[in-house]
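>>> Prediction below, plus the sequence it came from.
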Amino acid sequence: MTTAPLLPALTARVRATAHARTPACRSCGAATLADRPDGTVVRHGDVVAKAHAPDTDPGALAHRLALAARLPGILLPPLAPAPADLYGRLVTCWPYGTPVDPEDPDAAPWEAAGALLARLHRTPAPAALPLMRGPARTAAALARLRETAPHHPGTAPVLRAWTALPAWARGAAPMPETSTPCHGDFHLGQLVRHPAPDGPWLLIDVDDLGRGVPSWDLARPAAWYACGMLTSDEWTRFLAAYRAAGGPAVPPDGDPWPALDVPARALTAQTAARALAKAVAAGRPLDDVERALIDACARMASVAARVPGS
C-alpha cells in the first residue's frame, strides 16, 4: 500500500499532467485504479499516473519506457521519456485506455492479443533492454507461499511442481534465449484500447518487459487452457492469431506444446502459489478455481515436462 504522502502527491501529479494536456479538462477528481505494494495507479481525465514498486531500478525502467515509446502500435507509449521521483518512488504517466471488460468474457480480444505479442516478439531487441522479469516474478510468488502458508496441504504439490521445473524457469539460471523482446507478464488485464474508448488494442505495463523466452508470454493462456479455465475456442483463437502474425514462440503449425509446456507449468505454479497465499491471508477456504490450480500442480509433478525436440 502507498505511504501517506505518496497518494496525494501522485494525485496532484496526474491532475497537473491531465490539465496540461487538456486545459478544458472537466474531470472533477482522481480515481485510484490500483493500490498494491508493487504499484499504485491513479487516473484523472485522460491521464494515468503509476508509482512503481519501491525496488524498481531507474535505469532498467528508462530502457523499458524507451522501447514502449518506439513501438506505439504495439505498446501504449508513455507521456514522458523518463520517470519522475515522488517520495522515493519512480512515477510514470500514460494516456488512459479502455481496459478489457471482465464482465463480458465473450468479447475478450484474444485475436488482438495474439497478434500484438507476435509483433512484439518479431521486433529486434535493443541491446540495452534488461532481461524479462517473468521467471523472477514466479520465484517471488513461490517464496511468498513458503513464508505465508508452509503447512497448508495445498503448498506441497505446488512446491513439487515448481522444483521439477528447469532452473531457468525458476529464475535460478540464465534463460536459454535472450534476444527477443517479451512482455513478461501477459494477461488480458494488460490490454487497453487507445484512444479510448474504442481505439486499437495495445499492450500496457512495462515493469517486466525485457529480453527473454517468447513462449513465456503465451504461457498464462496456455496454463489456463490446460487447467480448464480457458475454452478450446478461446485458446485456438489466441494461438491462431499469434501464428498468423508470424510469432516465433511456437512452430507455425503442428503441436505447440513442446515450446509451451515448461513456461505453462511455471505460470500454473505461480498462479496457484499466489491464489493459495491470498486465501490463507484472508483466512478462507479455497474456491473451485484455486483447488483446480493445485490439482493441476499435483498432476504436473508426476508427468515429465515436454521440451522442444522431444
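Noted; the coordinates are in hand.

>>> When you work out contacts or count neighbours from here on, use the C-alpha atoms and nothing else.
Noted.

>>> what separates the helix or strand harbouring residue 266 from the chain centre, distance-wise?
Per DSSP states H and E: residue 266 is located in helix 257-282. On the basis of C-alpha atoms, centre = their mean, to the nearest Å, helix 257-282 sits 13 Å off its chain's mean C-alpha point.

>>> same question, stretch 121-140
Taking C-alpha atoms, centre = their mean, one finds stretch 121-140 lying 12 Å from the centre of the chain it belongs to.

>>> Which residues belonging to the helix holding residue 266 are considered buried?
Residues 257, 259-279 are the ones in helix 257-282 that count as buried (16 or more other C-alpha atoms under 10 Å).

>>> Next: stretch 282-297.
Neighbour-count burial for stretch 282-297 [16+ other C-alpha under 10 Å]: 286, 290-297.

>>> Show me those that map onto helices.
Using DSSP state H, the subset of the buried residues of stretch 282-297 located in helices is 290-297.

>>> what's the residue closest to the geometric middle of the protein?
Ranked by distance to the mean C-alpha position of the chain (C-alpha atoms, centre = their mean), the top residue is residue 185 at 2.2 Å.

>>> Spit out the contact partners of that one.
134, 208-209, 217 (C-alpha atoms under 8 Å, 6 or more residues apart in numbering).

>>> Can you flag the buried ones in those residues?
Among the contacts of residue 185, those buried by neighbour count (16+ other C-alpha under 10 Å) are 134, 208-209, 217.

>>> Now render those residues as a markdown table, adding pLDDT, distance to residue 175 and secondary structure.
Shown next, in a markdown table, are the buried ones among the contacts of residue 185 (pLDDT from 0 to 100; distance: C-alpha to C-alpha, whole Å; DSSP: H, G, I helix; E, B strand; the rest coil):
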| residue | pLDDT | distance to residue 175 | secondary structure |
| --- | --- | --- | --- |
| 134 | 97 | 10 | helix |
| 208 | 98 | 15 | coil |
| 209 | 98 | 14 | coil |
| 217 | 98 | 14 | helix |
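
>>> Off-centre distance for stretch 40-48?
Averaging C-alpha positions (C-alpha atoms, centre = their mean) puts stretch 40-48 19 Å from its chain's average.

>>> likewise stretch 192-209?
In this view, stretch 192-209 has its centroid 13 Å away from the chain centroid, taken as C-alpha atoms, centre = their mean.

>>> Also stretch 244-252?
For stretch 244-252 - counting by C-alpha atoms, centre = their mean - the centre lies 20 Å from the chain centre.
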